[in-house]
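> Sequence and predicted structure are below.
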Amino acid sequence: MQVRNNRIPLFVIATLLFGLKTYLVYRFFFDLSIENPMQEFILFFNPIASAYLVFAVSVWFKPNSQRKYLRWTTLLGTLVLFFNLIFYRNFTDFITLPVLFQGNNAADLSGSILTLIHWEDIFLFLDVAVVWYLSTKKFDLTVRLPKNGKIAATAITFLLLAGNVVLAEIERPMLFVRTFDREYLVKNIGIYNYHLYDATMQTKTKAQRVFADGSEISEIESYIEETSPDTVDKKDDLFGIAENKNVIFVSVESFQNFLLDSEVNGKEITPFLDELKEQDDTIFFNNFYHQTAQGKTSDSEFIVENSLYPLGRGAVYFTNADNEYHALPEILNNNGYETSVFHANNASFWNRDVMYDNIGYDEFYDENSYQITPDNSFGWGLEDKAFFEQSIKYLQAQEKPFYSKFITLTHHFPFELPEEKAHIDPYDSNSNTLNAYVQTARYTDEALEQFFQQLKDSGIYEDSIIVLMGDHYGISDFHNKAMGQFLGEEVTPYVQTQLQRVPFMVHIPGYEQGGINEKVVGQIDVKPTLLHLLGIDASEDMTFGDNMFGERKKDFVAMRDGSFVTNDYVYASETCYDRETGEPLPENQKDACDQTKEAVNKELSYSDNIIYGDLFRFYDFQKTGK
């Protein structure tokens, strides 16, 4: 290497600074679990290898171009790291290309993003400033190498990359095949190589639809037939109980079960829901799990409407909104129901205006259907109390029977609530998010109580059933320390999985045999359950869920990352736990989850194939008589 005054080349300095910074972010900003010394070494090694891979390219450029290249690649790489950090603080996940295509959501996220930027983030840009300063002609730390020197410098990059991949495969065999968990990818190959991998996967999945010919659907159909209950129990006293009745489905934003029956400073957080779940005319599933991924609320909608799993990357509402589906609204339309959605947000958020039209909703009452003023809006928009109150007139005008889905807004991150509207004190912990979360939960609880009364006053209540469902978590594992304080126990992977339980209540006015149902169920089961209540035989439908009130053949609820819950076990973070005790299984029982793990991965793959290949376009649902 020819460097003036025998100084260290700038690309080497940039590599060391950037690699060390990235390691520190992995270690102390992201909540990445380190289980052994090998993982620690890989976590340290891969950012340096990745940085060298990028910065060593500069040796092929002329001095002035070297300076510019190192300046801008250092800045660009830092921005990638910074935006991933912001995303991680909210979702405990990493950005994928499909998420970037959801950029039209950004305008609605501006308030949330500000709460995710911390003052210490400025330190992420220190090495950028150093590289820009050292890249001036004053220091002249560029290199001038002969051709063989350039080739040698480049060869080192491939050695480092190959070493990283070998170490990753040793630490986690079949890493690139079992990719449900992005954290394992980032821990083993680094965030930058992960993004390259993600781009490759995006190209592959886009091609999947082009080459699909429908031959795959028969195998999936056989699997569904084998894993579905043999019969539809029409003698069940709940089959058809909602026939010709209105169905009011409320998707309660970010609501988790741990809020129920809990207090802050002696005050109940959710007094109305606590009472509602105990009533004789309410059936409460206390082991109901959300199964969403990066699409959050839109994922919960997709699962409920189709009984298919969300994608592991991005949101189906964006990436595959033009597919053919056999969705709940379409089925209900064919059975005489008017279908509608009520959500006081802009119609394009999560691409809802496109997706709703595709899956058969008759009406979408978006923000333009409401009178939104500074007095009745805060946080994400129209407050829940005003939202329900202004919706009643639209419900009354609908043709009967109707199916109407409501999506609330107030209990949404960052959980903002004016002081005069807060009727419970904030929680006291190191997490401002959790502290505010209990206050907006109480507000939404009050709004739901008001809504029930408005339904009664309007005459709609008696001819309807009301379904309440939490759409996804509100408190991510980024806040485990505060959650541990709230729960009075350490938040292990087992506890974290149990925290994914969300409320699911079916309220049937006049029904007197309600109570708590202990079955392990999830959002994938909602579609067949609702069709069962409406008296519509769904035994021939293509779904991965089961009617919650009937026989169940599948003994698991699968999460998008490959973890799952069964009657006996909880599988999370590569560990099989006893569901009753929460303790990891002893050595001689560690394979207890293996068979279910294979079934879960198969089912997730089949669902992905349906979506990526748009396979329902090859399937004739008319033969089922629907």
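Done, it's in.
> End to end on stretch 423-440, go ahead and measure it.
End-to-end distance of stretch 423-440 (C-alpha to C-alpha, to the nearest Å): 9 Å.
> So which bits of that stretch are buried?
By 16 or more other C-beta atoms under 10 Å, the buried positions in stretch 423-440 come out as 424, 426-427, 429, 431, 433-440. Using the backbone N, CA and C atoms, a C-beta is placed for each residue, glycine as well.
> Make TSV from the residues you listed and add secondary structure to it.
Listed next are the buried residues of stretch 423-440 as TSV, based on DSSP: H, G, I helix; E, B strand; the rest coil:
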residue	secondary structure
Ile424	coil
Pro426	coil
Tyr427	coil
Ser429	coil
Ser431	coil
Thr433	helix
Leu434	helix
Asn435	helix
Ala436	helix
Tyr437	helix
Val438	helix
Gln439	helix
Thr440	helix
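> how about those residues in a markdown table, adding pLDDT and distance to Asp463?
What follows is those, written out as a markdown table (pLDDT from 0 to 100; distance: C-beta to C-beta, whole Å):
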| residue | pLDDT | distance to Asp463 |
| --- | --- | --- |
| Ile424 | 96 | 34 |
| Pro426 | 95 | 40 |
| Tyr427 | 96 | 40 |
| Ser429 | 96 | 44 |
| Ser431 | 94 | 43 |
| Thr433 | 93 | 40 |
| Leu434 | 96 | 40 |
| Asn435 | 96 | 41 |
| Ala436 | 95 | 38 |
| Tyr437 | 96 | 35 |
| Val438 | 97 | 35 |
| Gln439 | 97 | 35 |
| Thr440 | 97 | 31 |
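> Serialize those to CSV and add fields for distance to Phe258.
Converted to CSV, those look like this (distance: C-beta to C-beta, whole Å):
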residue, distance to Phe258
Ile424, 15
Pro426, 16
Tyr427, 12
Ser429, 13
Ser431, 14
Thr433, 14
Leu434, 10
Asn435, 15
Ala436, 15
Tyr437, 10
Val438, 10
Gln439, 15
Thr440, 15
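> and of those, the nearest to Tyr223?
Using C-beta to C-beta, Tyr437 comes nearest to Tyr223 of those, at 39.4 Å.
> By mean pLDDT, flag the weakest helix or strand of this structure.
Least confident element among the helices and strands of the chain, by mean pLDDT, DSSP states H and E: helix 106-116 (a mean of 62).
> Name the next helix or strand following that helix along the chain.
helix 126-134 (DSSP states H and E).
> just checking, what packs against that next one?
helix 10-28, helix 63-91 (3 or more C-beta pairs under 8 Å, 6 or more residues apart in numbering; DSSP states H and E).
> who touches it?
Residues outside helix 126-134 that contact it (C-beta atoms under 8 Å, 6 or more residues apart in numbering) are Leu10, Ile13, Ala14, Leu17, Phe18, Lys21, Leu70, Arg71, Thr74, Leu75, Thr78, Leu141.
> at 6 Å what do you get?
Residues from elsewhere that reach helix 126-134 (C-beta atoms under 6 Å, 6 or more residues apart in numbering): Leu10, Ala14, Leu17, Phe18, Lys21, Leu70, Arg71, Thr74, Leu75, Thr78, Leu141.
> now the strands for the stretch 151-300 of the chain?
246-252, 263-264, 267-268, 282-285, 288-289 (DSSP state E, counting those that start in this stretch).
> Format those strands as CSV; extra columns: mean pLDDT.
Output for the strands of the stretch 151-300 of the chain, formatted as CSV (pLDDT from 0 to 100):
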stretch, mean pLDDT
strand 246-252, 98
strand 263-264, 96
strand 267-268, 96
strand 282-285, 97
strand 288-289, 98
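> wait, which of the ones you listed is closest to Asp198?
strand 288-289 (26.3 Å).
> Which member of the buried residues of stretch 423-440 is positioned nearest His507?
Once C-beta to C-beta is applied, the member of the buried residues of stretch 423-440 that ends up nearest His507 is Thr440, at 22.3 Å.
> Contacts only, for that closest one.
Thr410, His411, Phe415, Leu417.
> so what's Tyr289 up against?
Here Tyr289 is in contact with Gln500, Arg501, Gly522, Val557 (C-beta under 6 Å, 6+ apart).
> any idea how far Leu395 is from it?
30 Å (C-beta to C-beta, to the nearest Å).
> one step back: now render the contacts of Thr440 as TSV, adding pLDDT.
Output for the contacts of Thr440, formatted as TSV (pLDDT from 0 to 100):
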residue	pLDDT
Thr410	95
His411	95
Phe415	93
Leu417	93
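> measure Ile95 to Arg442 for me?
33 Å.
> what about the two, which has more around it?
Neighbours were counted for Ile95 and for Arg442 using other C-beta atoms under 10 Å; Arg442 has more, 25 against 22.
> isn't Pro584 right up against Cys576?
No - in this structure Pro584 lies outside contact range of Cys576 using C-beta atoms under 6 Å: 7.0 Å.
> Please identify which of these two sits among more neighbours.
Neighbour count, other C-beta under 10 Å: between Pro584 and Cys576, Cys576 has more, with 22 against 16.
> Please name the nearest non-neighbouring residue to that one.
Once flanking residues are discounted, Cys576 sits nearest to Cys593: 3.8 Å by C-beta to C-beta, 6 or more residues apart in numbering.
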